[in-house]
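**Q** Below are the sequence and a predicted model for it; my questions follow.
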Number of protein chains: 2
Amino acid sequence: DSQYSPGYYWLGNNTLKVPLVLHKENRQRLVSQMLSKHKDQIKENSFILLEGGKSTMQYDTDHEPLFKQERYFFWTFGSDIPDCFGIVGLDEQATSILCIPKLPAEYATWMGEIRSKEYYKSIFLVDQVLYVDELLEYLKSKNASTIYTILGTNTDSGSTFVEPQYPGLRESFNVNNTLLFPEIAECRVIKSPKEVEVIRYCVDASVSAHKHVMRKIKVGMKEYQCESEFLHHVYNEWGCRNVGYTCICAANKNSAVLHYGHAGEPNSATVSENGFCLFDMGAEYHSYTADITCSFPSTGKFNPEQRVVYQAVLDASVAVMEAMRPGVSWVDMHKLAERCILVALTKAGILVGDIQDLIANKIGSVFFPHGLGHFLGLDTHDVGGYLGDCQPKVHSLRTTRTLKAGMVITSEPGCYFIKHLLTQALANPETAKFFNVAELEKYRNIGGVRIEDDILVTENGCENLSKNLPRTIDEIEAFMLK
Amino acid sequence: DSQYSPGYYWLGNNTLKVPLVLHKENRQRLVSQMLSKHKDQIKENSFILLEGGKSTMQYDTDHEPLFKQERYFFWTFGSDIPDCFGIVGLDEQATSILCIPKLPAEYATWMGEIRSKEYYKSIFLVDQVLYVDELLEYLKSKNASTIYTILGTNTDSGSTFVEPQYPGLRESFNVNNTLLFPEIAECRVIKSPKEVEVIRYCVDASVSAHKHVMRKIKVGMKEYQCESEFLHHVYNEWGCRNVGYTCICAANKNSAVLHYGHAGEPNSATVSENGFCLFDMGAEYHSYTADITCSFPSTGKFNPEQRVVYQAVLDASVAVMEAMRPGVSWVDMHKLAERCILVALTKAGILVGDIQDLIANKIGSVFFPHGLGHFLGLDTHDVGGYLGDCQPKVHSLRTTRTLKAGMVITSEPGCYFIKHLLTQALANPETAKFFNVAELEKYRNIGGVRIEDDILVTENGCENLSKNLPRTIDEIEAFMLK
Ligand SMILES: [Mn+2]
Ligand SMILES: [Mn+2]
């Protein structure tokens, strides 16, 4: 009754049984890409070395937050065990060695049965399991020439990956920390069919839970009660213990706060009669995650202003999905979405002027201040947004790449009435002239709309993995009819 | 609709409205204790300086785990804002200054409204609010003589508290890092009536949710579904977004794993027909937590062996609660619990021999390998277990102190059939002779029982805050009858 059986991760009942050969395939993909692209540079007996996440305690206390594995390590080995290292040989077989911590006898009293090396070998389909303290010896016995480690900056966080901290490593071997990072990040960008199945499961769970919340919601409920319904649904019925990111359950004008829901704004407001809801929540399973936003009126019935704003965003969403296919630039998709929104706001009389002028004066980012989307996978903001053929970083965009089959990316156009951005735009005569202030006033307290879907780029176009959500105004009103 | 209003933290509906004067009282208690105990040493214009928790991102990604405030800071200021500092003057008024981070304008787009200093002053009932970068200037303007900071080891984790990292502090002032720690930790040990009310609320929420789970449980359910029911109940109905520690939902023989439920053993087993359940779960509210364990058969009907073990632990629990009062040593309480369990196991024929011999040969810790309990408050394993009049550290005990009114402490006797501990005891002739192996065999796969209550020490005895749980065998069987 463990979550693991030889070659599988599974939480029983109707949850997804994940074949852990997924990670063996990842290792093979990585090694074959490294070998084919850097044949001349990589010497014989070279190895990739990854360090897994460490178990931690909060502040000076013994409170242990629920462990989340480091994602490069998880991608490569599929293992949730803290304090591991992993080795992958840069050879045809992509020889894999999982190094696990040697546990003290009292571990069995407090934490559970101490499993054997053979047990883990059978679970994770690696060639060998060692204890962490045998790592250096192993590499020496193999006459390791070069050890490849990750050093690189995550473009979403600006943080630099911490290289493996293994005592004696640098003294004993030639360590190369530049070659691996772009290759492993690029491998993570292109999802294998088995990875897509896990993401699809996360999306299915999240779609089901979003619909559950839309059925449950009532005026007078607290936002956090909606969060609680979502969390319970994905855990109880789908085995998803974690969400990929803190739930954003924004009702009323809170829906104009892009990352509402954190500890400082803890989904504590009451869902009001005219309150528009923007719920951005995604379930995690086997460390992969979904990232989905549903926007709808609390009553299930759109008022005229909500209708205008929602339709503007939906137009953008539909246009993007129709255009998405391999070879298309994500920057163009962002511009397309922005243009759709500007056109709709102009039609509604909130904005006045020529679309080109609106774009040239950056009016789009007053209403749509974030990027159209981001890669999705083990991280909510998955890696690789600025690799390969990307264009230079554009302020709000998390990627500027050209689409390829196998990418999974969110499409999340939004239109928000954000007080300080509007104040700023109206204070500047250059931008103020594009606004019809009287009309804008009607929308001031509406909050915002985001429609976020999880999209797989296919050979010929794309597949919206979250297509089972009610998305048009008619669909939402019909679905929420009590 | 914020969680804060002037002087209060409240999540609406039926949740507890916490008066934030609780923390003002904490500051006053701390200062008056410092001044009365160290009158001669503390110079005029001395200040306490605390650093709050920092907002963090996971690994190299931009994933932000839900912020949990550092507990000494929270105890003193009651504020959930990351990246703060706090100053308390060692003067009669316990002058308090909350230093908040100056936020960039785009904070309003992503995270929410940027509130004024005046706003926070009114919420947290401090004398002044400054920006963090005004801290040094403030202290200089007050001719600060000595700055008192925390340096000390947490006896549960073995970790040392990190002192405030404020640039220029040590260069500008005399810093004393020894005096404050024992005093603030001791203040946290004795709960004020207002603190007790918050803990009582956490306990009430947890009791209600444990009962909910006992009603919901069915053979065939997954352990994690029980966890999910608990989490949803405390969040949806009581506003408790967090639990104090990862839920331990151990069914069947997993109930012999003391800290089951972590990422490596993620409550993934199926509740079986003869499976005994040990569910250790506690809700958190306003950063205080409960810590409660219920043990019961999955069917609601005890079999003979379960009856024996449960009654052994209940005898210990009852004996301890009858004996608890100010002046009693916690070591004696632990010994009392251990003796009750040994007596019961001897009566049941699992153990043979004289009780004194069993104790002398440490047979108690084979079945009851952890301490009887720990202080409870902002931390699950709350601070101060080895301060003041404590006896030298005894291996498994988290405190060896003498009880005082105002302490809140868990009583959690347990009796487990832990494979490797039994094997060890039976392998040693010195200890093996006390076991009736044939009788023991019947219990081998039963798992374990823990009965954990949260107890307030009162002037004349104690109050079991979790007394509304069904605890006797009859009460449990009646409560779980479908
Ligand atoms: Mn997103
Ligand atoms: Mn406890």
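**A** Alright, I've got the coordinates. Numbers count the residues shown, from 1 in each chain, chains lettered A, B, ... in the order given. Ligands and ions are numbered 1, 2, ... in the order given.
**Q** Show the end-to-end separation of stretch A:57-76, please.
**A** 25 Å (CA to CA, to the nearest Å).
**Q** Also stretch A:81-88?
**A** Stretch A:81-88: ends 17 Å apart by CA to CA.
**Q** That stretch and chain B, are they touching?
**A** Yes - using CB under 8 Å from any CB of the partner chain, stretch A:81-88 reaches chain B at A:81, A:82. Bear in mind the C-beta positions are built from the backbone N, C-alpha and C, glycine included.
**Q** Can you tell me what sits against that stretch?
**A** For stretch A:81-88, contacts defined as CB atoms under 8 Å, 6 or more residues apart in numbering or on different chains pick out A:27, A:30-31, A:47-55, A:67, A:69, A:73, A:76-77, A:79, A:94-101, A:120, A:132, A:135, A:138-139, A:164, A:166, B:263-264.
**Q** With stretch A:105-113 instead?
**A** For stretch A:105-113, the surrounding residues in contact (CB under 8 Å, 6+ apart) are A:103, A:114, B:254, B:257-260, B:262, B:264-265, B:369, B:418-421.
**Q** Do I have it right that residue A:454 meets residue A:288?
**A** No - counting by CB atoms under 8 Å, residue A:454 sits too far from residue A:288 to count as a contact (10.8 Å).
**Q** Looking at the two, which is more packed in?
**A** Higher neighbour count among residue A:454 and residue A:288: residue A:288, with 30 against 27, using other CB atoms under 10 Å in any protein chain shown.
**Q** What's the first helix or strand after the helix or strand containing residue A:211?
**A** Taking DSSP states H and E as the definition, residue A:211 sits inside helix A:193-216. Note on helix A:193-216: by DSSP H and E, the next helix or strand toward the C-terminus is helix A:223-232.
**Q** re the thing from before, what do residue A:454 and residue A:288 both touch?
**A** Listed as contacting both residue A:454 and residue A:288 by CB under 8 Å, 6+ apart are residue A:199.
**Q** got a winner among the contacts of stretch A:105-113 for most neighbours?
**A** Neighbour counts for the contacts of stretch A:105-113 (other CB under 10 Å) peak at residue B:260, which has 27 neighbours.
**Q** if I pick that one, what's in contact with it?
**A** Counting by CB under 8 Å, 6+ apart, residue B:260 has contacts A:111, A:112, B:248, B:249, B:250, B:254, B:267.
**Q** So residue A:350 versus ligand 1, what's the distance?
**A** Plainly put, residue A:350 is 25 Å away from ligand 1 if you go by CB to the ion, to the nearest Å.
**Q** likewise residue A:475?
**A** According to CB to the ion, residue A:475 stands 21 Å off from ligand 1.
**Q** do the same with residue A:331
**A** According to CB to the ion, residue A:331 stands 17 Å off from ligand 1.
**Q** Isn't that residue up against residue A:393?
**A** No - the pair residue A:331 / residue A:393 is not scored as a contact, 10.6 Å apart, by CB under 8 Å.
**Q** what residues are up against residue A:17?
**A** With CB under 8 Å, 6+ apart, residue A:17 has these contacts: A:8, A:9, A:10.
**Q** for the first one, phi and psi?
**A** Read it as residue A:8. Per-residue torsions, residue A:8: phi -140, psi 150 (degrees, to the nearest 10).
**Q** Retrieve the pLDDT associated with the nearest residue to it once chain neighbours are set aside.
**A** Closest residue to residue A:8 apart from its sequence neighbours, by CB to CB, 6 or more residues apart in numbering or on different chains: residue A:17 at 5.5 Å. On pLDDT, residue A:17 comes in at 98.
**Q** backbone phi and psi for residue A:17, please?
**A** Dihedral angles for residue A:17 - degrees, to the nearest 10 - are phi -90, psi 110.
**Q** Residue A:164: how many residues sit nearby?
**A** Neighbouring residues of residue A:164 were enumerated by other CB under 10 Å; the total is 19.
**Q** Residue A:149 is in contact with that one, correct?
**A** Yes - counting by CB under 8 Å, residue A:164 does reach residue A:149; the two are 5.5 Å apart.
**Q** and for the two, which residues touch both?
**A** A:49, A:50.
**Q** Give the buried residues for stretch A:314-330.
**A** For stretch A:314-330, burial by neighbour count (16 or more other CB atoms under 10 Å in any protein chain shown) applies to A:314, A:315, A:316, A:317, A:318, A:319, A:320, A:321, A:324, A:326, A:328, A:330.
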